[in-house]
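> Need coordinates for the below:
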Amino acid sequence: MLSIDLHTHTSYGSVCGYMTPDELIQQARLVGLDGVCITEHNQLWDPRAIKKLREEHDFLVIGGVEVDTDCGDILVFGLHQSVSNVYAAEELRGMVDEEGGVMIAAHPFRNLIVQITSDIPGLGLSVEDAARRPVFRFVDAIEVYNGMTRGEETDFTMKVANRLNMKATAGSDAHAILGVGGCFTIFENTIRDERDLIAEIKRGRYQGVDWRSKALPNLPI
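Sure thing, here's the model as predicted:
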């Protein structure tokens, strides 16, 4: 089994990032991860740069991107064309399908905690209503465990994922080294590169983990 942090940001491509790619990889190895995905905001990594990082550190590094869309933030793997002018999730889905990639709804209920926990009629958001949100028509999985999210939001997201019968991924959403590996995804099979990652996500052979709560899954060994 391999543990991979699917959601991280660095100062290389995210203005909100406070760690370099080298620092990210060093911290990932220190906390016991087997790999990291670098998912900058609306900016793709050059595959050659990813390959160089992987070889220099002898560590699994995969490039992705977190795209701001009309349906919320979406993690994308397998796309190798600019997303700077892409805002519609439906358009993004078409681009990703053309290249055989995958899309994951990132922290889909961030900033909705008031609606999730409210008992006020007309204000609360039910699991049924949440499951009908447009974003879930376009993604392959849902990021249930996010390093910047916990408590009621995480529980609610899991209920929605179960209602939709969609798999739950996990990523730290780390912007600095202290957050790396707080949440990660365990894959059952070997992953050597982006194509392996995409294949395993499509097959659903993984499990999200929130290490902060030590909520480890029971996976076959």
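> Past whichever helix in the chain runs longest, which element shows up next along the chain?
The longest helix of the chain (DSSP state H) is helix 152-164. Remark: after helix 152-164, the chain's next helix or strand is strand 168-171, criterion DSSP states H and E.
> Can you mark which positions in the helix or strand of the chain with the lowest mean pLDDT are buried?
The helix or strand of the chain with the poorest confidence is helix 113-117; it has a mean of 81 (mean pLDDT, DSSP states H and E). For helix 113-117, burial by neighbour count (16 or more other CB atoms under 10 Å) applies to Gln115, Ile116. All C-beta atoms are positioned from the backbone trio N, CA, C, and that covers glycine.
> Can you point out the buried residues in the top strand by length along the chain?
Identified as the longest strand of the chain according to DSSP state E is strand 60-69. By neighbour count on 16+ other CB under 10 Å, the buried set for strand 60-69 is Leu60, Val61, Ile62, Gly63, Gly64, Val65, Glu66, Val67, Thr69.
> quick one, the very next helix or strand once past that strand and strand 60-69 angle?
Remark: after strand 60-69, the chain's next helix or strand is strand 72-77, criterion DSSP H and E. Interaxial angle, strand 72-77 versus strand 60-69 (axes from the mean of the first three to the mean of the last three CA atoms, to 10 degrees): 150 degrees.
> list the helices and strands the helix or strand just after strand 72-77 packs on?
Using DSSP H and E, the helix or strand that follows strand 72-77 towards the C-terminus is helix 89-99. Applying 3 or more CB pairs under 8 Å, 6 or more residues apart in numbering; DSSP states H and E, one finds that helix 89-99 contacts strand 60-69, strand 72-77, strand 102-105.
> contacting residues around Leu123?
Contacts for Leu123 (CB atoms under 8 Å, 6 or more residues apart in numbering) come out as Val114, Gln115.
> burial count for Asp97?
For Asp97, the tally of surrounding residues (other CB atoms under 10 Å) stands at 13.
> any idea how far Cys71 is from it?
Asp97 sits 16 Å away from Cys71, going by CB to CB, to the nearest Å.
> Check His80 too.
From His80 to Cys71 the distance is 22 Å (CB to CB).
> Mind checking which of those two has more residues around it?
More crowded of His80 and Cys71, by other CB under 10 Å: Cys71, with 21 against 14.
> Verify the stated contact: the more buried one with Ala106.
No - counting by CB atoms under 8 Å, Cys71 does not reach Ala106; the two are 10.7 Å apart.
> quick one: Ile4 is in a strand?
Yes - counting by DSSP: H, G, I helix; E, B strand; the rest coil, Ile4 is part of a strand.
> I'd like to know how far it sits from Asp193.
Separation of Ile4 from Asp193 (CB to CB) stands at 12 Å.
> Could you name every residue contacting both of those two?
Common neighbours of Ile4 and Asp193 (criterion: CB under 8 Å, 6+ apart): Ile62.
> quick one, which of those two is more surrounded?
Ile4 (24 against 14).
> The residue nearest to that one when sequence neighbours are not counted bridge partners, please.
Once flanking residues are discounted, Ile4 sits nearest to Gly35: 4.2 Å by CB to CB, 6 or more residues apart in numbering. Taking DSSP bridges as the rule, Gly35 bridges to Ile4, Leu60.
> Fine by me, we can end here.
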